[in-house]
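Peer 1: The sequence and its predicted three-dimensional model are supplied below.
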Number of protein chains: 2
Amino acid sequence: MKVLIVEDDPLHRSYLHEAVRAALPECDDVIEADNGSSGEVQARKARSEHVVMDLQMSERNGIEAARTIWRERPDTKILFWSNYSDEAYVRGVARIVPEGATYGYVLKSASDERLKLALRSVFIESQCVIDREVRGIQQKSLGNAHGLSDAEYEILVDVALGLTDKAIAQRKRLSLRSVQNRLQQLYEKLDVYQPEGQGSEGWYNLRTRAVAVALSRRVLNTSALERAERDLQEELGS
Amino acid sequence: MKVLIVEDDPLHRSYLHEAVRAALPECDDVIEADNGSSGEVQARKARSEHVVMDLQMSERNGIEAARTIWRERPDTKILFWSNYSDEAYVRGVARIVPEGATYGYVLKSASDERLKLALRSVFIESQCVIDREVRGIQQKSLGNAHGLSDAEYEILVDVALGLTDKAIAQRKRLSLRSVQNRLQQLYEKLDVYQPEGQGSEGWYNLRTRAVAVALSRRVLNTSALERAERDLQEELGS
DNA sequence: TTTTGTCTTGCGGGATCCCGCAGATTTTGC
DNA sequence: GCAAAATCTGCGGGATCCCGCAAGACAAAA
């Protein structure tokens, strides 16, 4: 059994290496990669079916790497090991998991024990393991109340990229008014309407404020934006 | 001689501990804190004049912690040890360094040797040590061409917070038109005007696009925004 | 003093954004 | 199969944004 570790921080990488050795005695080969792209290459070359992957790496992040790995071998088992539980990451992962694939999502703040348990559960038992906290984010984001629907999220991303209503309409094949409708829903859910009545009327530019709020709530993060930006440029180029 | 380490990642913290021990034999006491606020408390209690500080910690980040530490004892020597060289961080640090204080800024990607050298230079020799790469950012940001002036940067932050032109004018005690002038400079420097002539006219909402570009160029980052947001709310509350 | 340059402010107008209203279309639930 | 709910769309208008033009303020250079 082979395990591939994709993690750009040397300290974390060697810690992971140690954890894998300890938790999986049946593992006879541990390979390391220090960024997303070399991770993809290693996975292809070594035909590894077991990957531990950091999100947030410079160059090519974990989500993109995981996507191409899964595209080539949908039965690969991937354990994501991340510092953060940003809604943007959770959404990003959920978006790329293939039908029936097994994966895990563990925070770096978890104990040794939890990490080792997750390694065994995912790689040996083929069981999905999602950290409690991450689970919470998932629930909330999909759950009714203040959670954004996929449609709203997509609009949010386009707005955050700096597109006009007209451009978004064209891109999403909607009428101008529909885009503006969705924007209004977005404003409501992100709660960007000021308290009203106080002297603070007209203080916020709703469009930009929505982006600011989304960022501070971690609904969006920089890496999600960068991914979207690349998609956009690609689309414009063609 | 006492050294205080402020770093939220346990692995990095123990690595730092080791490095301090090795580089500074004259140091007889190493204290640790795992986030900004407890770092401030520890610094106050232990009267430590030597601090190694991570930027980007949850709760209270390194810049805020350093600011209060320096406010209480401006002669404290602080070595910043960070993963990133975002312009936002560099600006943030530059903004809070007291007159004549000695400090350093080393990237986590630097070698053992470089870290130890920096520790000795800053703590023993009272010499400022700025990582080559960070230096580059400093030059560029202050330097003529595409670098933003302080005035432009402030406007950028206000826009990114989602404020209206009118609100910014009031906050900065400027006329509406002046704010818009600065915005135009900003748009030019951030290069948000589309290529023109192609079918891509009017694709970008300049205001939001400027924020997107600033984020992707790391002129802004989430932690800088959060700090600004807190300042804003405070100001609104009063 | 004059000149030059940078910064500020006012005016005006075209484009865009925000959104209420109302009819058309689709989806959902029973 | 039909009614209720949700979504999409066009129209219109007020507010804001983006910006060219030009006059005054102030500082540094000539």
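Peer 2: The structure has been received and is ready for your questions. Note that the structure is a prediction, hence the values are computed from the model and not measured.
Peer 1: what sits against the most centrally placed residue in chain A?
Peer 2: By Cα atoms, centre = their mean, chain A has its centre lying nearest to A:Tyr89, at 2.3 Å. By Cβ atoms under 8 Å, 6 or more residues apart in numbering or on different chains, the residues touching A:Tyr89 are A:Leu55, A:Gln56, A:Ile63, A:Ser82, A:Asn221, A:Ser223, A:Ala224. No exception for glycine: its C-beta is placed from N, CA and C like everyone else's.
Peer 1: And it, how far from chain B?
Peer 2: A:Tyr89 sits 13 Å away from chain B, taking Cβ to the nearest Cβ, to the nearest Å as the criterion.
Peer 1: So what does that residue look like in phi/psi?
Peer 2: Per-residue torsions, A:Tyr89: phi -70, psi -50 (degrees, to the nearest 10).
Peer 1: Kindly format the C-alpha coordinates of the worst-scoring helix or strand of chain A on mean pLDDT as PDB.
Peer 2: The helix or strand of chain A with the poorest confidence is helix A:132-142; it has a mean of 84 (mean pLDDT, DSSP states H and E). Taking Å, rounded to 0.1, in the frame of the first residue of the first chain, the C-alpha atoms of helix A:132-142 are listed here in PDB:
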ATOM      1  CA  ARG A 132     -17.300  17.900  13.400                       C
ATOM      2  CA  GLU A 133     -16.600  21.600  12.800                       C
ATOM      3  CA  VAL A 134     -16.500  21.100   9.100                       C
ATOM      4  CA  ARG A 135     -19.800  19.200   9.300                       C
ATOM      5  CA  GLY A 136     -21.300  22.200  11.100                       C
ATOM      6  CA  ILE A 137     -20.300  24.500   8.200                       C
ATOM      7  CA  GLN A 138     -21.700  22.100   5.700                       C
ATOM      8  CA  GLN A 139     -25.100  22.000   7.500                       C
ATOM      9  CA  LYS A 140     -25.300  25.700   7.900                       C
ATOM     10  CA  SER A 141     -24.300  26.500   4.300                       C
ATOM     11  CA  LEU A 142     -26.800  24.200   2.900                       C
END
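Peer 1: and after that helix, which helix or strand comes next?
Peer 2: helix A:150-161 (DSSP states H and E).
Peer 1: So which residues on chain A come close to DNA strand D?
Peer 2: Counting by Cβ under 7 Å from any atom of the strand, the residues of chain A close to DNA strand D are A:Ser149, A:Ala151, A:Leu174, A:Ser175, A:Leu176, A:Arg177, A:Ser178, A:Asn181, A:Arg182, A:Gly202, A:Asn205.
Peer 1: Can you give me the neighbour number for the second one?
Peer 2: Which is A:Ala151. For A:Ala151, the number of neighbouring residues by other Cβ atoms under 10 Å in any protein chain shown comes to 13.
Peer 1: again, but for the last one
Peer 2: Taking other Cβ under 10 Å as the neighbour definition, A:Asn205 ends up with a count of 22.
Peer 1: which residues touch it?
Peer 2: Counting by Cβ under 8 Å, 6+ apart, A:Asn205 has contacts B:Val159, B:Gly162, B:Leu163, B:Thr164, B:Arg207.
Peer 1: Same list, these, but as TSV with neighbour count please.
Peer 2: Converted to TSV, the contacts of A:Asn205 look like this (neighbours: other Cβ atoms under 10 Å in any protein chain shown):
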residue	neighbour count
B:Val159	26
B:Gly162	24
B:Leu163	24
B:Thr164	19
B:Arg207	19
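Peer 1: of all the residues you listed, which comes closest to chain A?
Peer 2: B:Gly162 (2.7 Å; Cβ to the nearest Cβ).
Peer 1: okay, now the domains of chain A?
Peer 2: A:2-142, A:150-237 (automatic domain parsing).
Peer 1: Mind checking those for the one nearest to B:Gln139?
Peer 2: domain A:2-142 (21.4 Å; Cβ to Cβ).
Peer 1: measure the nearest residue to A:Arg218 once chain neighbours are set aside to DNA strand C for me?
Peer 2: Spatial nearest neighbour of A:Arg218, chain neighbours left out: A:Asp86 (4.0 Å); criterion: Cβ to Cβ, 6 or more residues apart in numbering or on different chains. Separation of A:Asp86 from DNA strand C (Cβ to the nearest atom of the strand, to the nearest Å) stands at 24 Å.
Peer 1: residues in contact with A:Asp86?
Peer 2: Contacts of A:Asp86 by Cβ under 8 Å, 6+ apart are A:Ile137, A:Arg218, A:Val219, A:Asn221.
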